[in-house]
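Engineer: Sequence first, then the predicted structure:
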Amino acid sequence: MKLWAISDLHIGSDVNRRAVAAMAAHPEDWLILAGDVGDHQDDLAFAFATLGRRFAKLIWVPGNHELWTERHPKAPAGVQRYEELVALARDHDVLTPEDPYVEWPGQGPPTVLAPMTLLYDYSIRPPEVAREGVVAWAAEAGIYASDERRLGAAPYADIADWCRARVEMTARRLAAVPAEAATVLINHYPLRAEDVVLPRKPRFAPWCGTRATADWHRRFRARAVVYGHLHVRSSRFVEGVHFQEVSLGYPRHWDPERGADAYLRRVL
């Protein structure tokens, strides 16, 4: 029995959708979907139905693309959008950040799998750049995040306020994990600023998580940290913890001839 992970399937791309449809069955294994499965609820439903037949259990956390407000009148935004996606996942028997954490049933020491929704707060930026000027600072390098116009935060004042609430709530839940259990921390965004590695667009960093989680791998006894978002796959060990960026990305970020199965990353 194995625990695999992948993120950023972006199945709005026909190339990616066909690759997901062609993925092999792993009937005894579990799969983490670490966000940005697609932009629309139909994308999520397709992925949950398709991969739910191939794996024994799916675990999902939302990325920014899932949380984007859809372009039609009266489309849900912010927390309402998130809650609708959680309901959709539960309809497909997919574990979400709103469900009780589960203990990994495979081999090894007691380990709790902790899917999280933490968002970002613009804190991953150079110290000389003020929060109020971060969007303009990124724009100087030609960077403008679509989140600025498509990611709602209602009823919170803004995305940083929503992030703060999620961080506080999630920290309380993780603190309640029994002391004898290790964890696998699962989030769409990196937990440490050091892992925000963006060689081609470094000024996109403010939309890549929060500094508030920098010590969570130690604080909450992580065996592994799983994240995506960057479209820059990586695997590194820090203080004995395996940090993995597990994204597939758009077709230009991977080799479609290899198939999506080649980009599954083993976690446990």
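Structural biologist: On my side now, so go ahead. Residues are numbered from 1 along each chain as shown.

Engineer: what's the residue lying closest to Pro202 once chain neighbours are set aside in contact with, if anything?
Structural biologist: Closest residue in space to Pro202, ignoring its immediate chain neighbours: Ala141 at 7.8 Å, by CB to CB, 6 or more residues apart in numbering. Bear in mind the C-beta positions are built from the backbone N, C-alpha and C, glycine included. For Ala141, the contacting residues are Lys201, Pro202, Arg203, by CB atoms under 8 Å, 6 or more residues apart in numbering.

Engineer: I figured the last one hits Val135, correct?
Structural biologist: Spelled out, it's Arg203. No: taking CB atoms under 8 Å as the definition, Arg203 is not a contact partner of Val135, at 10.2 Å.

Engineer: With neighbour numbers in mind, choose between those two.
Structural biologist: Higher neighbour count among Arg203 and Val135: Arg203, with 19 against 15, using other CB atoms under 10 Å.

Engineer: For the more buried one, which three-state class applies?
Structural biologist: The three-state label given to Arg203 by DSSP: H, G, I helix; E, B strand; the rest coil is helix.

Engineer: residues contacting it?
Structural biologist: Under the criterion of CB under 8 Å, 6+ apart, the contact partners of Arg203 comprise Trp137, Ala138, Glu140, Ala141, Ile143.

Engineer: Between those, identify the one with the most neighbours.
Structural biologist: If you rank the contacts of Arg203 by neighbour count (other CB under 10 Å), Ala138 sits at the top with 23 neighbours.

Engineer: Can you tell me how far the residue nearest to that one when sequence neighbours are not counted is from Ala160?
Structural biologist: Excluding its sequence neighbours, the residue lying closest to Ala138 (CB to CB, 6+ apart) is Arg203, at 4.4 Å. Going from Arg203 to Ala160 by CB to CB, to the nearest Å gives 18 Å.

Engineer: Show me the residue at the heart of the chain, geometrically.
Structural biologist: Per CA atoms, centre = their mean, the C-alpha nearest to the average position across the chain is that of His188, at 1.6 Å.

Engineer: Contact partners for the closest residue in space to it that isn't next to it in sequence?
Structural biologist: Of all residues not flanking His188 in the chain, Gly35 sits nearest, at 3.1 Å (CB to CB, 6+ apart). Contacts of Gly35 were listed using CB under 8 Å, 6+ apart, and they are 7-8, 60-66, 187-188, 228-229.

Engineer: ditto for Val102
Structural biologist: The contact partners of Val102, taken as CB under 8 Å, 6+ apart, are Leu95, Val112, Leu113.

Engineer: If we use 10 Å, what do you get?
Structural biologist: Residues counted as contacts of Val102 (CB atoms under 10 Å, 6 or more residues apart in numbering) are Trp30, Lys57, Ile59, Leu95, Thr111, Val112, Leu113, Ala114, Pro115.

Engineer: again with Met1
Structural biologist: Met1 neighbours (CB under 10 Å, 6+ apart): His26, Glu28, Asp29, Trp30, Ala56, Trp104, Pro105, Gly106, Gln107, Leu268.

Engineer: could the residues you listed be laid out in CSV, adding secondary structure?
Structural biologist: Conversion of these to CSV gives the following (three-state DSSP):
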residue, secondary structure
His26, strand
Glu28, strand
Asp29, strand
Trp30, strand
Ala56, strand
Trp104, coil
Pro105, coil
Gly106, coil
Gln107, coil
Leu268, coil
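
Engineer: Lowest pLDDT pick from those residues?
Structural biologist: Within the contacts of Met1, Gln107 has the lowest pLDDT, namely 90.

Engineer: quick one, what contacts that residue?
Structural biologist: Shown in contact with Gln107 (CB under 10 Å, 6+ apart): Met1, Lys2, Leu268.

Engineer: For the closest residue to Gly63 other than its chain neighbours, grab phi and psi.
Structural biologist: With CB to CB, 6+ apart as the measure, Gly35 is the residue that lies nearest to Gly63, at 2.8 Å, once sequence neighbours are left out. The phi/psi pair for Gly35 (degrees, to the nearest 10) reads phi 90, psi 160.

Engineer: Alright, that wraps it up for me.
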